[in-house]
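Trainee: below is the sequence, then the predicted model.
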Amino acid sequence: MSAVFIFLISLQFGFAQEFEIYNQKVKEANSLLKTEQYKEASEKYEEALANAPIDLPHHQMDAAKAFSMAGNKDKAFFYLSKMIDQSKFRMYDYIVKDLHFQTLHEDPRWKEILVAILINKNEYEKHFDKEVVGKLDTVRLFKEMYREKYFETVKEYGEKSQEVSEALEQIRSTDSLNFEIVSEILDRKGWQPQKRIGLKGSHTLYTTILETKLENQLKYLPMIREAYKEGNVSSTQLSFIEDQVALKQRNKQIYGSQLGRDSITGKPFLLPVEDPENVNKRRHEIGLPKIEIFLSVWNIQWDPKEHL
């Protein structure tokens, strides 16, 4: 074994150890932040970030929250500025509404933070198709509103109540109207890349097709496949729509992305997979991890024989 190879293994092992230590400290800090122990949380975040093997902006954001609530404005602004600069943070509405930062609003530096975020936001959105983004925003807001109402209704009246049935019908009706809006966009302009409609718009475009009936999915499946080839649809998104369509057609799924849930135990299980012994080959072809890794998240053991 060459000295260079041994050196590279040592580097990788060292990085893995550093990251594990860092991750453990961040977990402790997150727990302290959640329980409103802000001083302790801020100290733990700073300890972790001082020796971070890589920069993770969302941890810098959490550190800023902890310092803000602990009354240390200088450190709060330090981590906010670092996070905004490194990640080109642009979620203006989010940070304005976040209650953790209310203690900073009267400080002159707060305006500088907001200006920096707006600059990032404007730069990111400069190539947006404003008309399409506006329509997709409307679709997204209605989707979220009626789904939130559904979950509230389930909580208040129970899953088998008449009120829940009416809430589900409202979702179906809204989804149908939303599909008409998205269908008009796709027929007129084709599948829109994220650089033209943003992350939220891209997600709304895809989920509207994912949630519609089979005949609509079949109409746009070729467009989605082409969008995947062009890098405008992810491998995960492609696998979900392909597998959902296959199952709706009473076929077995191709990539193994769809799960069912046992009506008695409530435990998730993998729905039938075509040619299970070669599923990892198909997943690899579109850049998905092995099915064993995907299923481990759900504590499901992969046994190809069960799908033969």
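Mentor: Looks like it arrived, so ask away.

Trainee: my read: Asp28 touches Glu43, true?
Mentor: Actually, residue 28 is Glu. It isn't Asp. No: Glu28 sits out of contact with Glu43 when judged by C-beta atoms under 8 Å, with a separation of 10.3 Å. Quick note: C-beta positions are derived from backbone N, CA and C, even for glycine.

Trainee: tell me which residue is most central in this protein.
Mentor: In the chain, the centroid-proximal residue (C-alpha atoms, centre = their mean) is His203; its distance is 9.2 Å.

Trainee: pull the CA atoms of whatever helix or strand that one lives in into CSV?
Mentor: Element membership of His203 [criterion: DSSP states H and E] is helix 194-210. What follows is helix 194-210, C-alpha atoms only, in CSV (Å, rounded to 0.1, in the frame of the first residue of the first chain):
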residue,chain,number,x,y,z
GLN,A,194,-35.7,26.9,-11.7
LYS,A,195,-33.7,29.9,-12.8
ARG,A,196,-37.0,31.2,-14.4
ILE,A,197,-39.4,30.4,-11.6
GLY,A,198,-37.4,29.9,-8.5
LEU,A,199,-37.3,27.0,-6.1
LYS,A,200,-40.8,27.4,-4.8
GLY,A,201,-42.2,27.8,-8.3
SER,A,202,-40.3,24.7,-9.5
HIS,A,203,-41.7,22.7,-6.5
THR,A,204,-45.2,23.9,-7.2
LEU,A,205,-45.0,23.0,-10.9
TYR,A,206,-43.8,19.5,-10.1
THR,A,207,-46.2,18.7,-7.2
THR,A,208,-49.2,19.9,-9.1
ILE,A,209,-48.5,17.2,-11.8
LEU,A,210,-47.6,14.6,-9.1
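
Trainee: start at 37 instead
Mentor: Shifting the count to begin at 37 puts that one at helix 230-246.

Trainee: for that helix, buried residues please.
Mentor: By 16 or more other C-beta atoms under 10 Å, the buried positions in helix 230-246 come out as 233-234, 237-238, 240-245.

Trainee: can you check stretch 139-154 too?
Mentor: Neighbour-count burial for stretch 139-154 flags 139-140, 146, 149, 152-153 (criterion: 16+ other C-beta under 10 Å).

Trainee: including secondary structure, pLDDT and distance to Ile90, could those go into JSON lines?
Mentor: JSON lines is the format used below for those (DSSP: H, G, I helix; E, B strand; the rest coil; pLDDT from 0 to 100; distance: C-beta to C-beta, whole Å):
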{"residue": "Thr139", "secondary structure": "helix", "pLDDT": "94", "distance to Ile90": "29"}
{"residue": "Leu140", "secondary structure": "helix", "pLDDT": "96", "distance to Ile90": "27"}
{"residue": "Trp146", "secondary structure": "helix", "pLDDT": "96", "distance to Ile90": "28"}
{"residue": "Ile149", "secondary structure": "helix", "pLDDT": "95", "distance to Ile90": "24"}
{"residue": "Ala152", "secondary structure": "helix", "pLDDT": "94", "distance to Ile90": "22"}
{"residue": "Ile153", "secondary structure": "helix", "pLDDT": "94", "distance to Ile90": "23"}
